[in-house]
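Enquirer: kindly return the folded structure for what I paste below:
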Amino acid sequence: MRLLGVIAVAFLGVPNAAFGATFVVSGHGWGHGVGMSQWGAEGLALHNWGYRRILAHYYPGTSLGNERGVTVRVLLADGQRKITISSRSPFRLVDGRGHWHDLGRRHIVLTRRLLHFLPPLVFVPSTAPLALNGSGYRGDLVVRRNSGTLRVVNVLPLEQYLRGVVPWEMPSRWRQAALRAQAVAARTYALATRNPGATFDLYADTRDQMYGGIRAEKPSTNWAVGATSGRVVTWDGAPALTYYSSTSGGRTESASDAWGGSLPYLRSVADPYDSISPHHSWGPRRFSGRTLARRLGVPSIADVIERWNSSGRVAAVALRWHGGACVIDGDAFRSALRLPSTWFTIRLAGRHMRADGHTHAQGYTWAGRYIVLLASVPLADGRPHGGRVARSNTLPGLRPGYWVVFRGPYATRDEAAQHAAGGYVRRLG
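Expert: Reported below is the predicted structural model:
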């Protein structure tokens, strides 16, 4: 937990809550929300966007380039005391001296003693792929000793690596435009994060990209990888850091808000069709004051107030208890409560959500109805002109921190769709 300091002014006029009070947390999105929203990409594909247009939307200002003939190194296993390498055909070995050996085997078990060859050991397939502990992988398998245990790295062409990534990062049944956008984003991310000074470039899990080798491959995603072969997203002529996550909740988060620094192509953009995601909205999740205090490591909880960043996500949460207060980083709060994202609001059960210091009843009478969202502008940029304008935190279900321009409300989605020219339909609540 990161404590940012003691506050006082933020809590003036906020009523005390009993230690046993219940706090209700609701929100939108799943994941960090930076870069491409995968569900949003599928939504755009449903509306006939091509993969180039999808990528240009989520990574504004970038271009498409080409990179071919690249090899990547993927960490498959680490800290292992015993591994099994096998194949349907005999395979070969290159030892640490660069000498080739025909093993004449289809199966070999290695411990930290390895064989009598000098490591690292490079296992090279012949007519059939190699398998590690029963799971097949294209390319070579490199085995090293690492602190008395074994480390296994898969070395293979980038295009073959992607065949094991795309279907584990995005459902293979989705539309080709979304799958192709995913293939280009995954290819670019792998290139942008290569680490020549280390023994491997990429983890095979969520620390980088999910990679399942041959068992992950699907015809539809193989087609998407092949159709975009070598295509990468570039910024100033170099591969961009093409972050992506499951669900933005309706608007992506800028990299500067999420992690600091400045990457102009990772700015916050509208995500109009992310609403098809089952994670678009989540909650309400209920926590007792006692549970919140225990998870956040504070003596007790009397009240909480969110502080939003310019992307509309929670940058920090202010906590108050009898005799003290602190501010906790928004992502630390999310992690402690195991929330899907940092786009959330908190209220005391039985108390309406705060809106500019008072309860706004109109928003709650509109819950369950539909609007056509035309534009959203951070509050700091000033109130926009034209159309119907409101603060987003006065309309249930919208991310706080924005002026929104909209039409409506409408009783049904179909009715709203008839007035949706220039915007997209959004359900309130």
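
Enquirer: quick one: low-confidence ranges for the stretch 51-200 of the chain?
Expert: For the stretch 51-200 of the chain, no stretch has pLDDT under 70.

Enquirer: in it, which spans are strands?
Expert: Along the stretch 51-200 of the chain, counting by DSSP state E, counting those that start in this stretch, strands occupy 63-66, 71-80, 82-87, 92-94, 100-102, 107-111, 121-124, 130-132, 135-137, 140-146, 149-157.

Enquirer: quick one: which of these is nearest residue 332?
Expert: strand 71-80 (27.4 Å; C-beta to C-beta). For the C-beta atoms, the positions are set from N, CA and C on the backbone; glycine is no exception.

Enquirer: okay, now the sheet partners of the closest one, with direction.
Expert: According to DSSP bridges, strand 71-80 has the following sheet partners: strand 149-157 (antiparallel), strand 202-203 (parallel).

Enquirer: what's that strand in contact with?
Expert: Residues from elsewhere that reach strand 71-80 (C-beta atoms under 8 Å, 6 or more residues apart in numbering): 83, 132-133, 137, 141-142, 146-147, 149-158, 161, 190, 194, 199-204, 211, 213.

Enquirer: buried ones in that strand, by neighbour count?
Expert: 72, 73, 74, 75, 76, 77, 80 (16 or more other C-beta atoms under 10 Å).

Enquirer: highest mean neighbour count out of the strands paired with strand 71-80?
Expert: Across the strands paired with strand 71-80, averaging neighbours per residue (mean count of other C-beta atoms under 10 Å) puts strand 149-157 on top, at a mean of 21.

Enquirer: relative to strand 140-146, how tilted is that strand?
Expert: 150 degrees (axes from the mean of the first three to the mean of the last three C-alpha atoms, to 10 degrees).

Enquirer: with only the CA atoms kept, save strand 149-157 in CSV.
Expert: Provided in CSV are the C-alpha atoms of strand 149-157 (Å, rounded to 0.1, in the frame of the first residue of the first chain):
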residue,chain,number,x,y,z
THR,A,149,17.1,-25.9,-11.0
LEU,A,150,16.2,-25.9,-14.7
ARG,A,151,15.0,-23.1,-17.0
VAL,A,152,13.4,-23.9,-20.4
VAL,A,153,13.1,-21.3,-23.2
ASN,A,154,11.3,-21.8,-26.5
VAL,A,155,13.1,-20.2,-29.4
LEU,A,156,11.0,-19.8,-32.5
PRO,A,157,10.0,-17.5,-35.3
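
Enquirer: now the angle from that strand to strand 107-111?
Expert: 130 degrees.

Enquirer: show me this structure divided up by domain.
Expert: With domains defined by automatic domain parsing, the chain comprises 9-29+280-348, 64-239, 361-427.

Enquirer: let's have those domains in a markdown table, adding distance to residue 266.
Expert: Compiled in a markdown table, those are given as follows (distance: least, C-beta to C-beta, whole Å):
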| stretch | distance to residue 266 |
| --- | --- |
| domain 9-29+280-348 | 11 |
| domain 64-239 | 10 |
| domain 361-427 | 17 |
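
Enquirer: to residue 257, which of the ones you listed lies closest?
Expert: Checking those against residue 257 by C-beta to C-beta gives domain 9-29+280-348 as the closest, at 4.2 Å.

Enquirer: can you redo the strands of the stretch 51-200 of the chain as JSON lines with distance to residue 373?
Expert: Rendered in JSON lines, the data for the strands of the stretch 51-200 of the chain read as follows (distance: least, C-beta to C-beta, whole Å):
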{"stretch": "strand 63-66", "distance to residue 373": "29"}
{"stretch": "strand 71-80", "distance to residue 373": "40"}
{"stretch": "strand 82-87", "distance to residue 373": "53"}
{"stretch": "strand 92-94", "distance to residue 373": "59"}
{"stretch": "strand 100-102", "distance to residue 373": "63"}
{"stretch": "strand 107-111", "distance to residue 373": "58"}
{"stretch": "strand 121-124", "distance to residue 373": "55"}
{"stretch": "strand 130-132", "distance to residue 373": "49"}
{"stretch": "strand 135-137", "distance to residue 373": "45"}
{"stretch": "strand 140-146", "distance to residue 373": "51"}
{"stretch": "strand 149-157", "distance to residue 373": "44"}
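
Enquirer: between the buried residues of strand 71-80, which is closest to residue 25?
Expert: Distances from residue 25 to these, taken by C-beta to C-beta, are shortest for residue 75, at 35.5 Å.

Enquirer: if that closest one is in a bridge, with which residues?
Expert: Assigned bridge partners for residue 75, using DSSP bridges, are residue 153, residue 203.

Enquirer: that's all I had, so thanks and see you.
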